[in-house]
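# sequence-free structure coming up:
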């Protein structure tokens with residue numbers, strides 16, 4: 001089980017993540033390196049034809065980008081912790 005201090009730290013980091021991923025990224029004109037490389041190679045964006053996630057670009061349809069970023073952060077952390085717990089159970093380790 002995570003300690004209270006770890007949980008508080010994770011929640012705090014998730015809550016401030018839009019500051020870096022949305023607000024400051026827009027302010028400095030940041031673009032994902034893979035997007036830049038794809039553009040330089042002349043690759044076409046097929047996102048509108050092939051989209052495997054409901055949380056494209058860490059957003060939730062109908063919500064502001066900052067809120068979507070936070071929700072995506074909680075989902076991501078839950079997925080990683082859930083996977084870790086599942087591996088722990090399968091391997092039969094006790095903490």
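Arrived safely. Only a predicted model underlies this, so the values are computations on that prediction, with no experimental measurement involved.

# Now tell me what touches stretch 36-53 from outside.
When contacts are defined by Cβ atoms under 8 Å, 6 or more residues apart in numbering, stretch 36-53 is touched by residues residue 56. (C-beta placed from N, C-alpha, C; glycine too.)

# what number of residues lie near residue 68?
20 (other Cβ atoms under 10 Å).

# for the strand or helix carrying it, which positions count as buried?
Residue 68 belongs to helix 65-91 when assigned by DSSP states H and E. For helix 65-91, a neighbour-count test (16 or more other Cβ atoms under 10 Å) marks 65-66, 68-73 as buried.

# Tell me which two in those residues are the farthest apart.
Using Cβ to Cβ, those span at most 12.5 Å, a distance reached by 65 and 73.

# what residues do those two have in common as contacts?
Common neighbours of residue 65 and residue 73, using Cβ under 8 Å, 6+ apart, are residue 58.
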